[in-house]
Structures are given as structure tokens and as C-alpha cells.
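>>> below is the sequence, then the predicted model.
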Amino acid sequence: NNSNNINTETVYNNHSMDSSAACGGCSGDSSKQSCSEDDAGLQEACGVFACVSRGPWPNCFLDVPQVICLGLVALQHRGQESAGIVTGDGIVTNNIKQHKGMGLISTVFRDDNILHNLRGNLGVGHTRYSTAGSSEIVNCQPFVVDTIHGRIAVAHNGELINANSLRNKILKSGVGLSTSSDSELITQLLVRTPPCGEPDGPDFSARIQHLMASTPTAYAIVIMHKDTLYAARDPYGLRPLCVGRLLSTSSVPNGDVNYMESAGSVVEGWVVSSESCSFSSIGAEYYRDLLPGEIVALSQTGIKSLKVVSRPSNTPSAFCVFEYVYFSRPDSIHEGQMVYTVRLRCGQQLAREHPVEADIVSTVPESATPAALGFSDVSKIPYVEVLTKNRYIGRTFIQPSARLRKLGVAKKFGALSENVQGKRVVLIDDSVVRGNTIAPIIQLLRKAGATEIHIRVASPPVKHPCYMGINIPTKEELIANNIPMDKLASHIGADSIKYLSLEGLKTAVTTGVKTDKTSGHCMACLSGKYPVALDW
């Protein structure tokens, strides 16, 4: 990758010196493993969150670990296996506190004394999902390591496309590795002095640029060193990362956390998050996305854009399209547009491409609900709920007996029989991966009295594995590769099944992009065209 200098953006608390610069997933095991039967769908890798309070320090007003904890709760959908928070006082380099554990955020940080003991002026947090077999405390993030310039904490979302070769290179250099996580590989690259040297002291911009030269994608990272947070996205921008301003509650009228007017308001700190949905719950406002390849520094004085590392010439960016389809929370903003609106447009386009005569339109809760509403809007078929979801069933659910296993999704969903009885149902799903979830749902609805069930999928068929931060099963496990399309409906027990076209998805996603209209999107799991050459 080549590095191009850009105009430096510096924001000091309440104002920007260059307003034109504004607005423009952590791997599990390095060996690819498939989901378990209970987790037949797609799985995001993890979420990162960081916070730095505005000076002077020590800060007596902002509870940094509490802010990070609440931010991670809002990102819980991105990872439920482990969580961790690392904080520092920003004054003494090695004065770092940390707490990590297995389970949900509410479990890991249930004791108030834990957060109290983490008090500091800045910090980094992480919530993790891993592939099967990698759910171990040793892989919990953020990672804390010593460097020649003192200790750093690193949190990462994504998956390195050349993880195996990097692992071998690091091991051959005589450096041992203690985890199976790609994030440790990133950490090892960051602790090394960059090839250009550091004649003027620590240069984490150069270190991150060296990381980008060593592995092109896919990662979004946050780093804490002494009094500064560094945040960066890989040059292709596959995984999301955004910045928010933390407003004083005294400047938010009537405690309205959705208040978005920053003129005249007091900025108490800055936050970095995998998704902007985490901002409202902590009284922050969305500032902007990091650009692909961008490196920013956040400190008690504000935010500064250090560098944008370019891609090879004529190579577009490749933001993961499944952030829109499935992973991100509907109220998150990517590329200047809300995820909910994109999903709504997917449903509208699906209705245009594959109309059907039916009595009601419904959804498999919950990520497909906006698409179902969009389908209903265009088709003029009323939207009616037909399924209710047990939100308390998770990965830790007791291993079912043979009898319970035969009940399939009955432990997760219940049919609203009075809404279904005697009806022709159009059921909208966001994606069909293996097909072993949608088939039992169809059986459930038929048992409840549905006369016809037509499946409409608000994304194209998933035909290829992902090697960049999403746990998509192997090619052989994907139902689109095993069952001919003309036989798929009968295989799952539906009257018909149709998918949104690739062009239809592109239209739905790109229509509302407000940042860079020339930006691209990674659709490799749908098309087989990966943004970079794989070194897996």
C-alpha cells in the first residue's frame, strides 16, 4: 500500500479547524471453523469501543469505565462470548488497569466495584464472538503488551486474510504466540519499531502504517498508549468504525439523549465505536465515520486525523454489505445512511422483483422486520406479525435432549396462530445460510394453520465463505450450493422462495450513500469476488 498525506484535521473540543475533512470484525481462531448447529446463521466477530475524557486530568466528572461499559452493552449483538475493559490515567505510561471475563457484558461487569476500580481518564473496551473452539479466556480482549515506549492496549474487530503466513513469519522471528487470535498478530506487529524508525519518540501512526503494509484487510482497531487513543480502519474499510462527541448532560435539554445540537454545548470527551448505535445511550452525538485507511488520534485536547493510507490504484473500498443486511443495529449509521432505511429499501426492491399473491406479509424476527415493512409498502399486502421470539435463548442454552432437538426452533419461536390461521403468508428473511432454521419455522407456521407460505429473502444467495471477519460456513455447507434453486422451495417446505438480486441489493445500499459516492462494497460471500487476493 502507498501512503498519501492529507490535510490534517484537528478538532479542539468544540470546533473544527478544517470542516471539509469531517464526514467522509476480532477474529476467532486463525483456522476456519464452521458454526454449530444451533448457530446456523451468520456471526459477526466482535465490537470495539473506546473513550477519552477532555482535559484537564485527572477528570473528576466523566466516569470513563462506565461510559465504555454502556457503549459495549449497545454493541452486545456483535459478540456475546467474552468482554473486557482496559483503562489508564494517561499520566503514567504503565499505570493500566484491566478486567476481562467470559460471558455477556452484564455478567462480566455485574459487580459495581469492578468499574469503580477501573477509574481512569481514557480506556478501551471489547466484546467478542469467536468461531467454535476458540472461546477461551486467553483470547479475551483488549490485549495489553509492553513495548519499548511502555504498555499499550489493543482491541480489534475483523479477520486477517493472511493470518497464517503472518503467524508463521512471527514465529520464525523467534517471537512466541500465546493465543489463537488474529488480534495477537496485530498486537505483535504494532509493538515492533517501524522500518522508518522513531527518531522523535513513539510514532504510532508509522506503526499502524507498517501494519497496513503487512496485511491489507480486514480490521478496525483501537489502541491506547499513555494519554492518547489511536483508531484506524484498514485501507479497504471492510469493518466499520466511527467517532462520537460525548456531551455534558448540562448541555442536553431535559436529559434528551437524542439531542444532536452541539453548537454551544460542552464536549466532555470523545468516543470511538464499531457502530453509532452506542452513542445515544451515553449522551454522545455521532461525529463521523473513519475513512478507509484512516488513522486518527484522540486525546484530552481533541481529535486529529494523522494519515489516510491509500489502496493500490483504481481499487475501490469494500465496506461489508452484510453490515447493512444483518449485523449492524437498525439505528446505526454507515456511510451517512441509517441501516434501517437500507433494509427498508431492500424489502421494497424485493417486492418489485418477486411479487406474489398473499394475504399478509411478515418476518422472521428481528433483523428482517424493516425489509418486511418495505415489501408490504410496495406490494400493498398488510404487514402482520406471525412469530414471537424468546429473547432469552442464547448460545448458553442447555444442550437439548433428542426429543427437544426434534422440536427445532420451537424453543426460540412461537407462532401467533390467530394471525396465521387460513392465511397465505409471505415470510421475509434477511438471509438463508444453511436452511436448517427456515425449514422448521415453515413447519411451525403450517401447524398454526397457514395455507400457503412464500419465502422472500432480502439478500442474494450466500454461496461463498467469508475470510474477513464473519463466520460464514464452508462452501459445502451453504444451502445455495447444495440444492438447485428450482427444488429449494420443496426442500424447505415452502410454496415458493425467491431472493433479492445482486443488482437489487447494490441499488438499495448505494442509493443513500452520502459520503463517498465512488465507494465500493464487499459482496464476496454472494458473488465470489473478493476485494483482495486471499492468502488463507
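That came in fine, so what should we check first?

>>> to what extent is residue 63 buried, counted in neighbours?
Here the neighbour count serves as a burial measure; for residue 63 (other CB atoms under 10 Å) it reads 18. (Each C-beta comes from the backbone N, C-alpha and C, glycine too.)

>>> which ones are touching it?
Applying CB atoms under 8 Å, 6 or more residues apart in numbering, we find residue 63 in contact with 115, 119.

>>> can you rerun that using 10 Å?
51, 53, 69, 70, 115, 116, 118, 119, 120 (CB atoms under 10 Å, 6 or more residues apart in numbering).

>>> among the residues you listed, which one sits closest to residue 495?
The closest of the contacts of residue 63 to residue 495 turns out to be residue 70 (CB to CB; 45.4 Å).

>>> and the closest one, helix, strand or coil?
Three-state call for residue 70 (DSSP: H, G, I helix; E, B strand; the rest coil): helix.

>>> do the same with residue 508
With three-state DSSP as the basis, residue 508 sits in helix.

>>> touching, it and residue 351? I think so.
No. Counting by CB atoms under 10 Å, residue 508 sits too far from residue 351 to count as a contact (11.7 Å).

>>> against residue 89, how distant is residue 527?
In this structure, residue 527 and residue 89 are 49 Å apart, going by CB to CB, to the nearest Å.

>>> out of those two, which sits in the busier spot?
Set residue 527 next to residue 89 and count neighbours by other CB under 10 Å: residue 89 wins out with 18 against 13.

>>> where does pLDDT dip in the stretch 251-400 of the chain?
For the stretch 251-400 of the chain, residues meeting the criterion pLDDT under 70 lie at 251-265, 393-400.

>>> if we use 80, what do you get?
Scanning the stretch 251-400 of the chain for pLDDT under 80 picks out the ranges 251-265, 391-400.

>>> now the helices: where do they sit in it?
Listed in chain order, the helices of the stretch 251-400 of the chain (DSSP state H, counting those that start in this stretch) span residues 322, 339-353, 369-379.

>>> residue 534: neighbour count?
Neighbour count of residue 534, defined by other CB under 10 Å: 11.

>>> pLDDT below threshold where in the stretch 51-200 of the chain?
Using pLDDT under 80 as the threshold, the predicted model of the stretch 51-200 of the chain has low-confidence ranges 55, 59-61, 92-94, 129-136, 179-181.

>>> quick one: which of the helices of the stretch 251-400 of the chain is nearest residue 65?
Minimum separation from residue 65 across the helices of the stretch 251-400 of the chain (CB to CB) falls at helix 339-353, 28.0 Å.

>>> and the gap between residue 361 and residue 101?
Taking CB to CB as the criterion, residue 361 is separated from residue 101 by 42 Å.

>>> comparing the two, which shows the higher neighbour count?
residue 361 (28 against 16).

>>> the more buried one pairs with what?
According to DSSP bridges, the partner residues bridging residue 361 are residue 383, residue 426.

>>> quickly find the element holding residue 243.
Following DSSP states H and E, the helix or strand that holds residue 243 is strand 242-247.

>>> quick one: buried residues of that strand?
The neighbour-count check on strand 242-247 (16 or more other CB atoms under 10 Å) flags 242, 243, 244, 245, 246, 247 as buried.

>>> spit out the contact partners of the fifth one.
Counting by CB under 10 Å, 6+ apart, residue 246 touches 51-54, 62, 64, 67, 266-271, 279, 282-285.

>>> recalculate using a threshold of 6 Å.
With contact set as CB atoms under 6 Å, 6 or more residues apart in numbering, residue 246 has these partners: 268, 269, 271, 284.

>>> sorry, back to before: which among the contacts of residue 63 gets closest to residue 219?
In terms of CB to CB, no member of those lies closer to residue 219 than residue 51, at 20.2 Å.

>>> the closest one belongs to a helix?
No. Under the criterion used here (three-state DSSP), residue 51 is strand, not part of a helix.

>>> which parts of the stretch 51-200 of the chain are helices?
Along the stretch 51-200 of the chain, the segments classed as helices by DSSP H, counting those that start in this stretch run 64-74, 105-108, 112-117, 163-172, 182-191.

>>> ok, and what's touching the last one?
Outside helix 182-191, the residues that touch it by CB under 6 Å, 6+ apart are 26-27, 141, 143, 145, 147, 154, 156, 159-160, 163, 166, 170, 177, 207, 211, 214.

>>> same check on the fourth one?
Identification of contacts with helix 163-172 by CB under 6 Å, 6+ apart yields 30, 182, 185, 188, 535.

>>> where exactly do the strands run in the stretch 351-500 of the chain?
360-363, 387-389, 413-415, 424-429, 452-457, 496-499 (DSSP state E, counting those that start in this stretch).

>>> export the fourth one to PDB, keeping only CA atoms.
Looking back up the chat, that one is strand 424-429. As requested, the backbone C-alpha atoms of strand 424-429 are provided in PDB (Å, rounded to 0.1, in the frame of the first residue of the first chain):
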ATOM      1  CA  ARG A 424     -51.400 -17.100   2.700                       C
ATOM      2  CA  VAL A 425     -48.200 -15.800   4.200                       C
ATOM      3  CA  VAL A 426     -45.200 -14.000   2.700                       C
ATOM      4  CA  LEU A 427     -42.400 -14.500   5.100                       C
ATOM      5  CA  ILE A 428     -39.400 -12.200   4.800                       C
ATOM      6  CA  ASP A 429     -36.000 -13.300   6.000                       C
END
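
>>> that one: which residues count as buried?
Of the residues in strand 424-429, those buried (16+ other CB under 10 Å) are 424, 425, 426, 427, 428, 429.

>>> packing partners of that strand?
strand 360-363, helix 369-379, strand 452-457 (3 or more CB pairs under 6 Å, 6 or more residues apart in numbering; DSSP states H and E).

>>> the same query, at a cut-off of 8 Å, please.
strand 360-363, helix 369-379, helix 438-447, strand 452-457 (3 or more CB pairs under 8 Å, 6 or more residues apart in numbering; DSSP states H and E).

>>> of all those, which one is nearest residue 224?
Between residue 224 and those, the shortest gap by CB to CB is with helix 369-379, which sits at 35.8 Å.

>>> what comes up buried for the closest one?
So helix 369-379, judged by 16+ other CB under 10 Å, has buried residues 369, 370, 371, 372, 373, 374, 375, 376, 379.

>>> for stretch 163-171, same thing?
163, 166, 167, 170.

>>> look up how far residue 224 lies from the last one.
When you say that, I think you mean residue 170. Taking CB to CB as the measure, residue 170 and residue 224 are separated by 22 Å.

>>> now the second one
Going from residue 166 to residue 224 by CB to CB gives 23 Å.
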